[in-house]
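Colleague: the following block contains a protein sequence and its predicted model.
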Amino acid sequence: MRLPDRIEHYLHGRMVESKQPFCMRVAADHRLLERWGAAAAYGLDHLHPGDDVSSAVPFLDACDARDAVELPFITDAVGHSFHAHLIPDHNDCYVLYLDARKELDEKRRAQQAANEVKLLLERERRIIEELVDAKAELTVRRQAAEAESRRRGEYIATMSHEFKTPLMALLAHSERLFDEPQSSKESADAIRRIAQQQLWLVDNLLTGARLEHDGFAIHPQATDLRALVSDLCLVFAPLAATTELSFAAYLADSVPEFVLVDDLHLRQVLINLLGNAIKFTEAGSVALEMDYRDAKLLATVSDTGPGIAAGDQVKLFEAFQRGGEAPRKAGAGLGLSITRSLVEAMQGELRLDSAPGSGTRVMLEIAAAPVAALADDTAMSSTSILIAEDDPDICDLLGLKLSEVGYRVRVVHDGHAVIEAALSDRPGLIILDTNMPGLDGPTAARKLRESGFSAPILALSAAGRSHDIEFALASGCTAFLRKPAHPDALKRVVRELLLKDLSRSATLRD
Amino acid sequence: MRSAKICMLGDFAVGKTSTVVRFVKNEFSDKYLTTVGVKIDTKLVETPSGPLKLIIWDVAGTDQLGGIEFAYLRGSAGYILVADGTRKTTVDNALRLKTDAAARYGAKPFVALLNKSDLSSQWEIEQDAIDTSRAAGVNWIECSAKFGTGVGRAIEALAARLMEPDTEAT
């Protein structure tokens, strides 16, 4: 069908009106040869035949193509939007512009919506990834919390067992004391042994809790190693005897009388090692040897027990672990773990030499500078000691034990009384409970020092955290001892403090 | 005066148009307005070898080149690759666009911009990925069209490169 001229003319008019066509014929050197149409609609009405149009038409490269090229939706720097068609013709090129503003707006709206949906989907993907990561982390934390809860549950069950069984044995032996007086020696031995073991267990638990809470603080002091070994013999020889083990302690001549170490930590380490040796050795012997070389204390605890396989030695020093082949014995498995931590805190070394059937040797090596010999005991045999303690039972026990040695003892029961008594009697040493009614120990110590009282003050307290010790020492106390202190340990510390004070007084006089 | 056509290549919404507007007019708008087709702008740049008129073709964002995009890229002397540092897929997409363009028109000088460095809390690109890309010859430059940091220096470096004797500025 051929359209009538009238219809063709109508269509042409509508196309020109809506598309505003503009056409240029451009030579190969980019000069304008001729133009037709709505140049003003594209800001090109300033172009005339002969002008170089490469700047105004920045896409003439496309004229190099063999066939017609369409570049849709071009927007120029001033906002004209058009479709460009480049149609090569011999050496020239026809460049046709068709208006694209209306199409551009419609297409942009659709494209914008599509892109925004894609962005939202990407954000959603990212949030889901973060949620998955967070869920995985929560799962890990929950599993860790459950494991910790299980560990604590097992710990409480173990501790309950470790306390309940010996307490039942204590009760049984106490009842036997009443029911069968002829067995009193045997029962008293058993009660002492069980009570001693429970005391070590409590010491280890408290030390472990302190370690977890604020680590160990080391307080080196002049320590009488012979007195320390003697104390250990007093405790362990009877224990060994109850199971017919032989127990011996040897000190080499090279060991100085006094060395600078943390007395309490060293004592706890040796107690744990000896306690373990006795616990796991059913026959034969347990021995403690002490030697001294290059300002280092070398202590070896050996036993003829079952020995420990190499595979079990690695985990032996972890909390709640025991040697795999060893017979099941009482104990929480805390002692060696705490021993290792104590030795590390003292910057010492612990070595193990053991094999199944060959017994065990544990070797301890710690730095221990020698301290010059102190004055003789005779100078202080009748020294007066003031005890400030609100518990009458503890007062009686301390008074009795110190009087046995020859000290003159006076007892007061609160912080105000100790200041009054100390300033009037001028005792050679004060034993001061840190937690008393009226005025606490550290405050009383501070007031005494402010009043010029210079003799040693030994703080005695059930609290044993490092800051309790530091606070007591900072308040003017000379030394700190944790309750319940073994009477022998108390006597030893009192003796050391008095010896040092005598030595200091002698130096001042000189 | 010499002139050179360069094309902006990158995924949608990575900030190609914002980068051009920051470079040409030193302006910025937070409103996202998608580009349809191509926007052509020009900027006269001083280089150590003299002035160069950059004709910048800001091609609509895409993750792959088709017939229309190849028509836009014809005659381009170099590229500005743009990726969005808060969307890691846009880095891979930009590298693919560069590879496809080189396959059609040969290797051209380019700079690679990692845009939106102002959104560090949403940053998804890890340093390892940037290092790996650098080892493969693509040195991503962190920039912010919003604050203008890094944009001008990177494009001017490309302009200087285009003025070197073996390149295609006309």
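Modeller: Everything's here; your move.

Colleague: sec struct for whichever residue of chain A sits closest to chain B, please.
Modeller: Chain A approaches chain B most closely through A:Phe73 (2.4 Å), counting by CB to the nearest CB. Where C-beta positions appear, they are placed from N, C-alpha and C, glycine not excepted. Three-state assignment for A:Phe73 (DSSP: H, G, I helix; E, B strand; the rest coil): strand.

Colleague: tell me the contacts of it?
Modeller: Contacts of A:Phe73 were listed using CB atoms under 8 Å, 6 or more residues apart in numbering or on different chains, and they are A:81, A:83, A:100, A:103-104, A:107, B:36-38, B:60.

Colleague: and A:Glu154, backbone torsions?
Modeller: Backbone torsions of A:Glu154, given as degrees, to the nearest 10, read phi -60, psi -40.

Colleague: give me the neighbour count for it.
Modeller: Applying other CB atoms under 10 Å in any protein chain shown, we find 11 residues neighbouring A:Glu154.

Colleague: look at it and report its pLDDT.
Modeller: Looking at A:Glu154, its pLDDT is 75.

Colleague: and for A:Asp89?
Modeller: We have a pLDDT of 90 for A:Asp89.

Colleague: how near is the residue of chain A closest to chain B to B:Ile55?
Modeller: The spacing between A:Phe73 and B:Ile55, counted by CB to CB, to the nearest Å, is 17 Å.

Colleague: which SS state does the nearest residue to A:Pro220 once chain neighbours are set aside fall under?
Modeller: Excluding its sequence neighbours, the residue lying closest to A:Pro220 (CB to CB, 6 or more residues apart in numbering or on different chains) is A:Leu260, at 4.8 Å. Three-state assignment for A:Leu260 (three-state DSSP): strand.

Colleague: hang on, A:Leu360 packs against A:Gly307?
Modeller: If you look again at residue A:360, you'll see it is Thr, not Leu. Yes - counting by CB atoms under 8 Å, A:Thr360 sits close enough to A:Gly307 to count as a contact (5.8 Å).

Colleague: overlap in contacts of those two?
Modeller: With CB under 8 Å, 6+ apart as the test, A:Thr360 and A:Gly307 both reach A:Ser354.

Colleague: of these two, which one has the most company?
Modeller: The neighbour comparison of A:Thr360 against A:Gly307 (other CB under 10 Å) goes to A:Thr360, with 26 against 21.

Colleague: quick one: pLDDT of that one?
Modeller: 92.

Colleague: just to revisit the earlier point, how close does the residue nearest to A:Pro220 get to A:Met363?
Modeller: Distance from A:Leu260 to A:Met363, by CB to CB: 21 Å.

Colleague: ditto for A:Phe178
Modeller: 46 Å.

Colleague: show me which of those two is the more surrounded one.
Modeller: Comparing A:Phe178 with A:Met363 by neighbour count (other CB under 10 Å), the higher total belongs to A:Met363, at 16 against 9.

Colleague: helix/strand/coil for that one?
Modeller: Classification of A:Met363 using three-state DSSP returns strand.

Colleague: contacts only, for the closest residue to chain A within chain B.
Modeller: With CB to the nearest CB, the shortest gap between chain B and chain A falls at B:Gly37, namely 2.4 Å. Residues counted as contacts of B:Gly37 (CB under 8 Å, 6+ apart) are A:72-75, A:81, A:100, A:104, B:60.

Colleague: now the residues you listed as JSON lines including distance to A:Leu460?
Modeller: Formatted as JSON lines, the contacts of B:Gly37 follow (distance: CB to CB, whole Å):
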{"residue": "A:Pro72", "distance to A:Leu460": "96"}
{"residue": "A:Phe73", "distance to A:Leu460": "93"}
{"residue": "A:Ile74", "distance to A:Leu460": "95"}
{"residue": "A:Thr75", "distance to A:Leu460": "91"}
{"residue": "A:Ser81", "distance to A:Leu460": "95"}
{"residue": "A:Ala100", "distance to A:Leu460": "97"}
{"residue": "A:Leu104", "distance to A:Leu460": "93"}
{"residue": "B:Ala60", "distance to A:Leu460": "85"}
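
Colleague: and which of those is nearest A:Gln268?
Modeller: Among the contacts of B:Gly37, B:Ala60 lies closest to A:Gln268 (CB to CB), at 77.9 Å.

Colleague: who are the contact partners of the closest one?
Modeller: Per CB under 8 Å, 6+ apart, neighbours of B:Ala60: A:73, A:111, B:12, B:34-38.

Colleague: next one: A:Leu266
Modeller: With CB under 8 Å, 6+ apart, A:Leu266 has these contacts: A:223, A:228, A:297, A:346, A:366.

Colleague: fine by me, thanks again.
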